[in-house]
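Student: okay, predicted coordinates and the sequence, questions at the end:
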Amino acid sequence: MLSGSRVEEIKTMLSELADKPNQTVDMRNLFFELTINSMMRMIAGKRYYGESLSDLEEAKRFQKIIAETVRLGGKMFIRDFLPCMGWIELGAKEEELRELQKGRDGFMQGFIDENRRRRRKRIILLIGATETSINTLEWALSLLLQESDIAQLSCLCNIIKETLRMHPPLPLAVPHESSTECTVGGFHIPRGTMLLVNLWSIQNDPNTWVEPAKFNPERFEGLEEPRDGFKFLPFSSGRRGCPGEGLAMRTVGLTLGSLLQCFEWERISEEMVDMSEEVGATLSKAHSLHAKCQARPAMGSLLSQIRTN
Ligand code: HEM
């Protein structure tokens, strides 16, 4: 799907990295710009971060909306789970959400005026699509920098699956509601109950996985359908499962593959990468990954071709 924009953005990222040999790079920022620009090129046909911005004012407005969406989207609102405790929420939060929604509506109205085919849901889709892929890329590279010999690792696809198993970007999926009365694992669930599926605990359960805390991509070797038995569910499952799975696996695969093939990577110091997790609706790293890279000698001519194109 619209692979041209993805490839173009990845090339831009590679040439930016090639220009900064051995400099410390904030990987979270890099992945953020890459995924959001790829998505926006698919949606609106233009980039909103970095260089070559067609409308600076519009880009600034968009960046502000995204920053607010990420900030407020990461918060849990007690009222959503326990309506009677709604008073705990400070008024300011609701006010902030209203303001944000007004900003998004205004921005989307601009889109609609520009092109009547655009649809309102797209900023929500954008957040679901980018935050998850950014987290997966950052965790995958962090896990790889903990390993001494990247070359010995099994295929890229297994590395991505293992990353998604250990650090599912949406650890509790999204809330679902029981449409009828039912029984789950012996528990009676009345109709209209909010249900959260703990994907993280399913994928890190020592009764199902051997040494679940160990990064071991080989465990996926020969496992044709790891979703069998519902033990591997980073995109959830069923009718409301993630519709972006194919796009996400292609984006993460192409990005991670290009980064590993074109550059040699190392940590910025002797210290191990901090793998602590941030508590929130999405499973981000508590501290963003900083790393250094240098173009592989064999990739020199390919990278200079990319830079001159
Ligand atoms: C590594 C990347 C991603 C992961 C791990 C991921 C994971 C998930 C999960 C667990 C859900 C909840 C499903 C449920 O509750 O049953 C979900 C929903 C969704 N995802 Fe993703 N996602 C990723 C990337 C994307 C991308 C790239 C897009 C769009 C292009 C996308 C669009 C959506 C949408 C629209 C939903 C809501 C589906 C519905 O409610 O019916 N996601 N995703």
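Tutor: Looks like it arrived, so ask away. Numbers count the residues shown, from 1 in each chain.
Student: alpha carbons only for contacts and neighbour counts from here, please
Tutor: Fine.
Student: who in the stretch 151-300 of the chain is up against the ligand?
Tutor: 168-170, 173-174, 234-237, 240-245, 247-248 (C-alpha under 6 Å from any ligand atom).
Student: going through those, which ones are buried?
Tutor: Among those, those classed as buried by 16 or more other C-alpha atoms under 10 Å are 168-170, 173, 234-236, 242, 248.
Student: sort out for me which of these are in helices.
Tutor: Counted as lying in helices by DSSP state H, out of these, are residue 248.
Student: adding pLDDT, write the buried ones among the residues of the stretch 151-300 of the chain next to the ligand out as JSON lines.
Tutor: Converted to JSON lines, these look like this (pLDDT from 0 to 100):
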{"residue": "168", "pLDDT": "96"}
{"residue": "169", "pLDDT": "94"}
{"residue": "170", "pLDDT": "93"}
{"residue": "173", "pLDDT": "92"}
{"residue": "234", "pLDDT": "95"}
{"residue": "235", "pLDDT": "95"}
{"residue": "236", "pLDDT": "93"}
{"residue": "242", "pLDDT": "94"}
{"residue": "248", "pLDDT": "90"}
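Student: and the two most separated of the buried ones among the residues of the stretch 151-300 of the chain next to the ligand?
Tutor: Largest separation among those by C-alpha to C-alpha: 173 and 248, giving 15.6 Å.
Student: before we move on, back to that, residue 25: which of the buried ones among the residues of the stretch 151-300 of the chain next to the ligand is nearest?
Tutor: Minimum distance to residue 25 across these is 22.1 Å, recorded for residue 169 (C-alpha to C-alpha).
Student: which residues sit against stretch 52-71?
Tutor: Residues from elsewhere that reach stretch 52-71 (C-alpha atoms under 8 Å, 6 or more residues apart in numbering): 46-49, 100, 103-104, 107, 127.
Student: let me know the closest of these to the ligand.
Tutor: Minimum distance to the ligand across the contacts of stretch 52-71 is 8.3 Å, recorded for residue 127 (C-alpha to the nearest ligand atom).
Student: got a pLDDT number for that closest one?
Tutor: On pLDDT, residue 127 comes in at 66.
Student: what's near enough to touch residue 138?
Tutor: Taking C-alpha under 8 Å, 6+ apart as the criterion, residue 138 is in contact with 27-28, 31, 285, 288-289.
Student: among the residues you listed, which ones are in helices?
Tutor: Of the contacts of residue 138, the ones assigned to helices by DSSP H are 27-28, 31.
Student: adding distance to the ligand, write those residues out as a markdown table.
Tutor: Converted to a markdown table, the ones in helices among the contacts of residue 138 look like this (distance: C-alpha to the nearest ligand atom, whole Å):
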| residue | distance to the ligand |
| --- | --- |
| 27 | 16 |
| 28 | 14 |
| 31 | 12 |
